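J.: Requesting a structural model of the entry that follows:
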Amino acid sequence: MQLNQTVHEQMKWGVVLMALLGGLLLLGCDRQQQSPPPPPVPEVATVTVQTQQIVLTTELPGRTSAYRIAEIRPQVNGLIQKRLFTEGFDVHAGQVLYEIDPAHFQAALDNAKAALGKAEANLPSIRLRVERYKELLPDKAVSQQEFDDAAAAEKQNQAEIEFWKAMVETARINLGYTRVTAPISGRIGKSAVTEGAIVTAYQPMALATIQQLDPIYVDVPQSTTELLRLKRRLEDGRLNPNGTDQKKANLILEAGRAYPLEGTLQFRDITVDPTTGSVTLRLVFPNPKGLLLPGMFVRVVVKEGVSEQAILVPQQAVSRDPKGNPVALIVDTGGKVQQRLLRLDRAIGDQWLVTSGLAEGDHVIVEGLQKVRAGASVEEVPFGASTPAQPAAKSN
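T.: Numbers count the residues shown, from 1 in each chain. Here you go, the predicted model:
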């Protein structure tokens, strides 16, 4: 009985050992069959750098101002009798704006004319006396003193005539000043006086102001830093000043809408404002519809010149190193990733203008930057092409 029990336990343990050995053999086979494959080569999307010709512009803030401004002031004293214009409307040069009471000035003109006539009436008799004394002088019928007195009286009478002619002209001018006219054409503002107001010649307060709005000025401050940088680009040959009309400019209104008409750079001031460190650019824009009003804030797009060999890369292809320097990753001819330190000029749309660090023909990585590092092997596809791993990039 005990012998059978012993044999039975030995057989039982044998079966268990065989089962364990079989499991270990199966596990070893499975491990051999499930060994991990080598990691796939990461795929990146690249763009090929190509030089191109672009027009470089600078966007600067500015403010509009009237092309011409005329402050209307009286040139004689008097009482305002009439106002002959409508406030806020256009007036033309020579149009009568105010009438000052002319009675006093008309009387002064009449008085001067009368005095002139009196002086002119005395001249013939005095002239005849001089001629008569001149004939009698050789015969000693009149003395030399009498002749000299007559000749002096004639000259005095002629001077008096000239004096009263000047007085007549002065009185006529003053009478004309009683009609206050517009010196320029433009839009007139509100009137500072009404009928019945007393005004004085050349008073400090203007009666009204006329502003010519077509064309209109736009004054733009440009920092000396930007001005010197532009000169340096021209001296280095990075910009061609003759490649485009640098005197042309465009305007962006306050609401972000582009102004339809192109302006012209008139001059660049030579004096630096000590409070802002900038010089003023003055541009002239046509304003036939009166859309631009004096004092408006606008943005002016000024053309700097043409860059003949410009390099543009998408902004997403540029990152920053720990020191904050702009860098880009490129794929060399051997399919290896290399890092390039860049120098950027400015953003143009959704691209960076690169001044150094890249050359024509470089393959710059745009997508997949997170999956690679310098020295890694990659497989590149053109940026924007459809791949199984990611959808095609859509241009906005």
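
J.: just for the stretch 101-250 of the chain, where's the confidence low?
T.: Along the stretch 101-250 of the chain, segments meeting pLDDT under 70 span 230, 232-246.

J.: Do a quick rundown of the helices in it.
T.: For the stretch 101-250 of the chain, the helices defined by DSSP state H, counting those that start in this stretch occupy 103-136, 144-177, 224-236.

J.: what about these, which gets the closest to residue 87?
T.: Among the helices of the stretch 101-250 of the chain, the nearest to residue 87 by C-beta to C-beta is helix 144-177 (22.4 Å). No exception for glycine: its C-beta is placed from N, CA and C like everyone else's.

J.: returning to that earlier point: can you list the helices of the stretch 101-250 of the chain in TSV and add distance to residue 314 and mean neighbour count?
T.: Shown next, in TSV, are the helices of the stretch 101-250 of the chain (distance: least, C-beta to C-beta, whole Å; neighbours: other C-beta atoms under 10 Å):
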stretch	distance to residue 314	mean neighbour count
helix 103-136	77	15
helix 144-177	69	15
helix 224-236	23	13
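
J.: which stretch among the ones you listed comes nearest residue 362?
T.: With C-beta to C-beta as the criterion, residue 362 lies closest to helix 224-236 of the helices of the stretch 101-250 of the chain, at 21.9 Å.

J.: any idea which residue sits dead centre in this structure?
T.: residue 300 (3.2 Å; C-alpha atoms, centre = their mean).

J.: From residue 288, how far off is it?
T.: 19 Å (C-beta to C-beta, to the nearest Å).

J.: for residue 302, same thing?
T.: 22 Å.

J.: now the helices of the stretch 101-250 of the chain in a markdown table, with distance to residue 43?
T.: As requested, these are exported to a markdown table (distance: least, C-beta to C-beta, whole Å):
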| stretch | distance to residue 43 |
| --- | --- |
| helix 103-136 | 94 |
| helix 144-177 | 87 |
| helix 224-236 | 39 |
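
J.: Confirm for me that residue 72 is in contact with residue 205.
T.: No - the pair residue 72 / residue 205 is not scored as a contact, 10.5 Å apart, by C-beta atoms under 8 Å.

J.: Compare those two (neighbour count), which wins?
T.: residue 72 (21 against 10; other C-beta atoms under 10 Å).

J.: State the distance from that one to residue 78.
T.: Remark: distance between residue 72 and residue 78 (C-beta to C-beta) = 15 Å.

J.: now swap in residue 364 and tell me
T.: Counting by C-beta to C-beta, the gap from residue 364 to residue 78 is 79 Å.

J.: for residue 155, same thing?
T.: 38 Å.

J.: coming back round to it: show me what the residue nearest to the centre of the chain is bridged to.
T.: For residue 300, the beta-bridge partners are residue 60, residue 251 (DSSP bridges).

J.: List the contacts of it.
T.: Contacts for residue 300 (C-beta atoms under 8 Å, 6 or more residues apart in numbering) come out as 59-62, 218, 220, 249-252, 263, 281, 283.

J.: neighbours around the closest residue to residue 79 other than its chain neighbours, how many?
T.: Once flanking residues are discounted, residue 79 sits nearest to residue 101: 4.4 Å by C-beta to C-beta, 6 or more residues apart in numbering. Using other C-beta under 10 Å, residue 101 has 16 neighbouring residues.

J.: Residue 360 too?
T.: Residue 360, neighbours per other C-beta under 10 Å, totals 11.

J.: In which helix or strand does residue 354 reside?
T.: Element membership of residue 354, judged by DSSP states H and E, is strand 351-356.

J.: ok now that strand, how far from the chain's centre?
T.: 24 Å (C-alpha atoms, centre = their mean, to the nearest Å).

J.: Just the residues contacting that strand, thanks.
T.: Contacts of strand 351-356 (C-beta under 8 Å, 6+ apart): 54, 56, 238, 307, 310-315, 318, 326, 342-347.

J.: Check the gap between residue 44 and residue 367 for me.
T.: 6 Å.

J.: where along the stretch 201-350 of the chain do the strands fall?
T.: 208-223, 248-252, 263-268, 278-285, 297-314, 319-320, 326-331, 337-341, 343-348 (DSSP state E, counting those that start in this stretch).

J.: Mind listing the strands the shortest one pairs with, and their directions?
T.: Going back to what we said before, that points to strand 319-320. Partners of strand 319-320 in its sheet, by DSSP bridges: strand 326-331 (antiparallel).

J.: Same question for the last one.
T.: When pairing is defined by DSSP bridges, strand 343-348 lines up against strand 351-356 (antiparallel).

J.: the inter-axis angle of the partner strand versus strand 337-341?
T.: 80 degrees (axes from the mean of the first three to the mean of the last three C-alpha atoms, to 10 degrees).

J.: which other helices and strands contact whichever helix or strand comes after strand 351-356?
T.: Of the helices and strands lying after strand 351-356 in sequence (DSSP H and E), the nearest is strand 363-367. The contact analysis (3 or more C-beta pairs under 8 Å, 6 or more residues apart in numbering; DSSP states H and E) places strand 363-367 against strand 43-48, strand 326-331.
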